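no sequence for this one, just the structure:
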């Protein structure tokens, strides 16, 4: 197999991998802090992708320009979802929380179809489209952008979570909610922050994705399924785990799709998940 | 009154039996009422089918406490097993039903055997992932029709062939019979030794183990029963619609609905899955009929909104309404009018342990 092909596969694998990682980090952050699985996470991606597409189609704004705006808007959206919905089901059973986010998922999906129809849309001819030559090898620019954008975002996120005050309270609330309350951390606000950051992560992921992926009302389903697996593979609540698992899954999916069958490209990913959790029941780096 | 044995009062038992008999008679006479109304007949048939699926899920998810969002795979396994047997060997769907249940149960045991060591969300995701593998394999395997699915051969209408064409009442009665059977099973299970052991394992696995009950073997029993019931539902579906493909019998959406119904009605209760279906399915069917003409998914918009509203206002399922103080006093007042002892109106699950004298 030629070296060129290998590099091309590697670039698209890492591109997808970092996108998966970014989506999964958002999901795992919310889970880690409050033990809630957000079933509507995929629909958050869909909203970010639509926002990026609409900005491009109506005002000619490039996804690169929309990206920070999408991140900020999605942050606000995540916070709003927390205050309007999630906050009201926290006291109830775990089932109620599953229900709430599942209802939100159906609602957002149907809403997208109601307002925008079931058609497929694609951003074409953006700044980050086409190919780029790196060291004599032609690689798709959107994938390179995804690697750069997603890894930069992850770096910022790491800095925020591990080096700043709010990040510290986030980790505190995730390690021991009761203790965090005792030392005067406003847990309610921390929860809202987790939802905001989780949504902002997929805002970035959605903007990067729209450079090389169609957007349609059900687009989230594909990514979120992989995101659940990524989160569980990495270990629920672990940011390092999500990053590692995301990249791993990107590699697996692209190489399996190329060498085995494009129809079954997710089967090896799922099998690896089963294998990993059967060996290490808490994933690669899960909290006990 | 603590420590005092409270036998189930005779009057209440008779009232219970009478109301069940009346309910059953009404359900059996229902098709007479629905003659010439195929939509309503289909609706009640589907309600029976989904109640069966909900009861099946509830045995594993409610009694044994193992939340699965992969039960669609058992539905699909049942449907594919009976259909392939029918097409390739001409095996009667009734035997296919047993085979479908057996295949689903075996597959369930296989999954349980490897995945029951996972706890909490890791198990949930594992069921999701296995179901998705089954989906993708079915969708790309030509032997089972791949993505284009399988059409069942149309046979002469009648109970023996498990097919009804012009008058679909037969399907309703089969679905109703299935529902009665699984409900009786669930009611028995609730008060049986097995049911208590399962709930003990659900509430505290380590404590149950210390009493000498192997959590794994009991969970496997629950899994096998649960998968077999849902598999039988899949066989019924294949015969009812006469066409199966991965999106209709193996989709994630199906797995989620199967889990949502008992959760909505009340997890771990006998009536929960039926109540859940009786509320959710009509909402989704009627809103589809009323609003889907626009092709804009208004039905799902309403459906999603209602689910969120339920999560906020009824976090413990519809059955929890009955446990509310205001509703309880009302029920007791009605009960007193019929000469029943009000104090035994509820199941005495919270009763302290008896100390033998």
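Nice, I can see it. Please read these numbers as outputs of a predicted model, since none were measured by experiment.

and whichever helix in chain A runs longest, what does it pack against?
Longest helix of chain A, by residue count under DSSP state H: helix A:3-34. If contacts are counted by 3 or more C-beta pairs under 8 Å, 6 or more residues apart in numbering or on different chains; DSSP states H and E, helix A:3-34 sits against helix A:41-59, strand A:137-140, helix A:141-163, helix A:165-175, helix A:187-209, helix A:219-234, helix A:239-259. (C-beta placed from N, C-alpha, C; glycine too.)

do that again at 6 Å, thanks
Counting contacts by 3 or more C-beta pairs under 6 Å, 6 or more residues apart in numbering or on different chains; DSSP states H and E, helix A:3-34 packs against strand A:137-140, helix A:141-163, helix A:165-175, helix A:187-209, helix A:219-234, helix A:239-259.

closest one to residue A:112 among the ones you listed?
Of all the helices and strands packed on helix A:3-34, helix A:219-234 sits nearest to residue A:112, with 9.2 Å by C-beta to C-beta.

show me which positions of that closest one end up buried.
Under the neighbour-count criterion of 16 or more other C-beta atoms under 10 Å in any protein chain shown, helix A:219-234 has A:219-221, A:223-234 buried.

likewise stretch B:149-162?
Applying a neighbour-count criterion of 16+ other C-beta under 10 Å, one finds B:149-150, B:152, B:161-162 buried in stretch B:149-162.

can you tell me which of those residues end up in strands?
The strands, defined by DSSP state E, take in residue B:150 from those.

and which of the buried residues of stretch B:149-162 is nearest chain A?
residue B:149 (15.4 Å; C-beta to the nearest C-beta).

tell me if I'm right that that closest one and residue B:247 touch.
No. With contacts counted by C-beta atoms under 6 Å, residue B:149 stays clear of residue B:247, the gap being 8.4 Å.

show me how far stretch B:139-148 is from its chain's centre.
From the chain centre to the centre of stretch B:139-148 is a distance of 28 Å (C-alpha atoms, centre = their mean, to the nearest Å).

and stretch B:93-101, by the same measure?
Taking C-alpha atoms, centre = their mean, one finds stretch B:93-101 lying 18 Å from the centre of the chain it belongs to.

what of stretch A:241-260?
15 Å.

over to stretch B:197-208?
22 Å.

touching chain A at all, it?
No. Judged by C-beta under 6 Å from any C-beta of the partner chain, stretch B:197-208 stays clear of chain A, getting no closer than 13.1 Å.

next, the buried residues of that stretch.
B:197-202, B:205, B:208.

just checking, which of those residues belong to helices?
B:197-202, B:205, B:208.

from the residues you listed, which shows the smallest pLDDT?
Lowest pLDDT of those: residue B:205, 85.

next one: the residue nearest to it when sequence neighbours are not counted from chain A, what distance?
Closest residue in space to residue B:205, ignoring its immediate chain neighbours: residue B:215 at 5.0 Å, by C-beta to C-beta, 6 or more residues apart in numbering or on different chains. According to C-beta to the nearest C-beta, to the nearest Å, residue B:215 stands 15 Å off from chain A.

number of nearby residues for residue B:215?
Residues lying near residue B:215 (other C-beta atoms under 10 Å in any protein chain shown) number 19.

ditto for the one 4 residues further on
Burial measure for residue B:219: 21 neighbouring residues, criterion other C-beta under 10 Å.

what does chain B put close to chain A?
Chain B has residues B:118, B:121-122, B:125, B:129, B:132-133, B:136, B:140, B:263, B:296-297, B:300-301, B:303-305, B:307-308, B:311-312, B:315-316 near chain A, with proximity defined as C-beta under 6 Å from any C-beta.

so which bits of the longest helix belonging to chain B are buried?
Taking DSSP H as the criterion, chain B has its longest helix at helix B:215-241. Buried residues in helix B:215-241, counting neighbours by 16+ other C-beta under 10 Å, are found at B:215, B:218-240.

about what we covered before: weakest of the helices and strands packed on helix A:3-34 by average pLDDT?
If the helices and strands packed on helix A:3-34 are sorted by mean pLDDT, strand A:137-140 sits at the bottom with a mean of 79.

packing partners of that strand?
So strand A:137-140, by 3+ C-beta pairs under 6 Å, 6+ apart, packs with helix A:3-34.

the helix it packs on to helix A:141-163, inter-axis angle?
30 degrees (axes from the mean of the first three to the mean of the last three C-alpha atoms, to 10 degrees).

and the angle from helix A:3-34 to helix A:187-209?
160 degrees.

show me how far helix A:3-34 is from its chain's centre.
8 Å.

identify each buried residue in it, please.
Of all the residues in helix A:3-34, those buried under the rule 16+ other C-beta under 10 Å are A:8-34.

again, but for stretch A:274-288
A:274, A:276-277, A:281-286.

out of the residues you listed, who's near chain B?
Contacts with chain B are made by A:277, A:281 out of the buried residues of stretch A:274-288, judged by C-beta under 6 Å from any C-beta.

from the buried residues of stretch A:274-288, which land in helices?
Going by DSSP H, the helices hold A:274, A:276-277 from these.

chain B: which of these is nearest?
Nearest to chain B among these, counting by C-beta to the nearest C-beta, is residue A:277 at 5.4 Å.

contacting residues around stretch A:127-134?
Outside stretch A:127-134, the residues that touch it by C-beta atoms under 6 Å, 6 or more residues apart in numbering or on different chains are A:62, A:64, A:138, A:140-142, A:145, A:211.

do the same with stretch B:148-164
So stretch B:148-164 is in contact with B:83, B:93, B:165, B:170-171, B:239, B:242-245, going by C-beta under 6 Å, 6+ apart.

for the stretch 201-350 of chain B, which segments count as strands?
Applying DSSP state E, counting those that start in this stretch to the stretch 201-350 of chain B gives strands spanning B:243-244.

any stretches of it with poor pLDDT?
By pLDDT under 70, the low-scoring segments of the stretch 201-350 of chain B are B:291-297, B:316-317, B:319, B:323-325, B:328, B:331, B:334-350.

again, 50 this time
B:342-350 (pLDDT under 50).

ok, which stretches of it are helices?
For the stretch 201-350 of chain B, helices defined by DSSP state H, counting those that start in this stretch occupy the ranges B:205-210, B:215-241, B:246-249, B:252-265, B:272-291, B:298-313, B:319-323, B:325-337.
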